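Participant: Curious how this folds, go ahead:
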Amino acid sequence: MSPFFHLTQSFAEVLLPIMYVMTVFLYGLAFFRNDPFAKQWKRHSLLMTSIIHFIYIGLHSMEFGRCMVTSPFEMMSLVAFTILATYTIIELATSIRGTGFFLVGIASVFQLFSAVTMKLPAIGTANPALSNLGIGLHVSAAIFGFGGIAISAVYGLLYLLMYRALKRSSFGSIYNHLPSLESLEKLCAASAAIGFLFITIAFGIGVVWLPRIFPAHSYFDPKLIATGVVWIIYAIVLIAKYVAKLDGKRVITISLGGFLLAVFSMTIVNAFFSNFHKFY
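Facilitator: I've put the predicted structure just below:
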């Protein structure tokens, strides 16, 4: 990489956490204080942060010649971008407002933790399989799938909190800024459908490419089993929502259970139980 690209990548690396913090701050002011300045500029900050993060991912991949998946901290940055980019599309494509502070806040937590920890020294040499096109597509689809179900989990949690507040007749002022229960339920289901689609793509690519990259693989690897269970749970969620027409509370509860299992699969199973999902 040329000095110019390296300098640009370093600048983006420093600027990105600042942009995330500023965007969360603006959305927080708009949500809690209805601040006119924040309401006017929050979307501009959101778009700029998404663009800078996209550029940063491209420059980082060019510099190291591989996907940003050699450590959980790099993957956290991809998850942050996925959540941010997906919410950006939601805000631009729909008239539903009021959840930006929560979603941008979750993305910021992932990105700030990634920025702080990514400079930790790596143990060993990066797995050369990460430079493979199939692995790159597999990982990218998996990250987008996780981002989709993470957004679904946020909407689902907001739904349950509002549902409980209504049942207890303790409807605080904070809920006045949120979408209706019906809107939150729709957003939760739509995000889960997007996540399910990408998980299906990632799972399919993994099954096809696995024998080519890892000759000694096993389809009974704990990571594959955990991913398969997550896929089944979200298939049940979508069937329950669109076919069985179950009430939103039950569907969202199942969805949150699937998200917790996905987090466990992405962290604990990856780190300690999988035989070939190793990045070093």
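
Participant: How about residues contacting the helix or strand encompassing residue 236?
Facilitator: For residue 236, the host element (DSSP states H and E) is helix 222-242. Helix 222-242 is contacted from outside by 149, 189, 192-193, 195-196, 199-200, 202-203, 206, 246, 250-251, 254-255, 257-258, 261-262, 264-265, 269-270, 273-274, 276-277, using Cβ atoms under 8 Å, 6 or more residues apart in numbering. No exception for glycine: its C-beta is placed from N, CA and C like everyone else's.

Participant: now these: which count as buried?
Facilitator: Buried members of those, scored by 16 or more other Cβ atoms under 10 Å, are 149, 189, 192-193, 195-196, 199, 202-203, 206, 246, 251, 254-255, 258, 261-262, 265, 269-270, 274, 277.

Participant: quick revisit: quick check: buried residues in the helix holding residue 236?
Facilitator: Across helix 222-242, burial judged by 16+ other Cβ under 10 Å covers 222-224, 226-227, 230-231, 233-234, 236-238, 240-241.

Participant: Just send the residues you listed back as a markdown table, with distance to residue 110 and pLDDT too.
Facilitator: Output for those, formatted as a markdown table (distance: Cβ to Cβ, whole Å; pLDDT from 0 to 100):
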| residue | distance to residue 110 | pLDDT |
| --- | --- | --- |
| 222 | 24 | 80 |
| 223 | 21 | 78 |
| 224 | 24 | 80 |
| 226 | 20 | 85 |
| 227 | 20 | 86 |
| 230 | 19 | 92 |
| 231 | 23 | 93 |
| 233 | 22 | 95 |
| 234 | 21 | 95 |
| 236 | 27 | 94 |
| 237 | 23 | 93 |
| 238 | 25 | 94 |
| 240 | 28 | 92 |
| 241 | 27 | 91 |
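
Participant: thinking again about what came up before, could you list which of the buried ones among the contacts of helix 222-242 belong to helices?
Facilitator: Those of these mapping onto helices are 149, 189, 192-193, 195-196, 199, 202-203, 206, 251, 254-255, 258, 261-262, per DSSP state H.

Participant: Following the record's annotation, map out the domains of the protein.
Facilitator: The chain is divided into the following domains under automatic domain parsing: 1-126, 132-280.

Participant: What segments of the stretch 1-150 of the chain are helices?
Facilitator: 3-32, 36-64, 72-93, 100-117, 133-167 (DSSP state H, counting those that start in this stretch).

Participant: Which among the ones you listed is found nearest to residue 177?
Facilitator: Between residue 177 and the helices of the stretch 1-150 of the chain, the shortest gap by Cβ to Cβ is with helix 3-32, which sits at 5.5 Å.

Participant: could you give the angle of the closest one to helix 72-93?
Facilitator: Angle, helix 3-32 to helix 72-93, by axes from the mean of the first three to the mean of the last three Cα atoms, to 10 degrees: 60 degrees.

Participant: Quick one: list the elements packing against helix 3-32.
Facilitator: Secondary-structure packing of helix 3-32 (3 or more Cβ pairs under 8 Å, 6 or more residues apart in numbering; DSSP states H and E): helix 36-64, helix 100-117.

Participant: And residue 62, how far from residue 74?
Facilitator: Computed with Cβ to Cβ, to the nearest Å, the distance linking residue 62 and residue 74 is 14 Å.

Participant: between those two, which one's more packed in?
Facilitator: Neighbour tally, residue 62 and residue 74, criterion other Cβ atoms under 10 Å: the higher count belongs to residue 74, 21 against 13.

Participant: leaving aside the residues next to it on the chain, what's closest to the more buried one?
Facilitator: residue 68 (4.2 Å; Cβ to Cβ, 6 or more residues apart in numbering).

Participant: So for residue 183, what pLDDT did the model give?
Facilitator: At residue 183, the model reports a pLDDT of 89.

Participant: Which of the three states applies to it?
Facilitator: Classification of residue 183 using DSSP: H, G, I helix; E, B strand; the rest coil returns helix.
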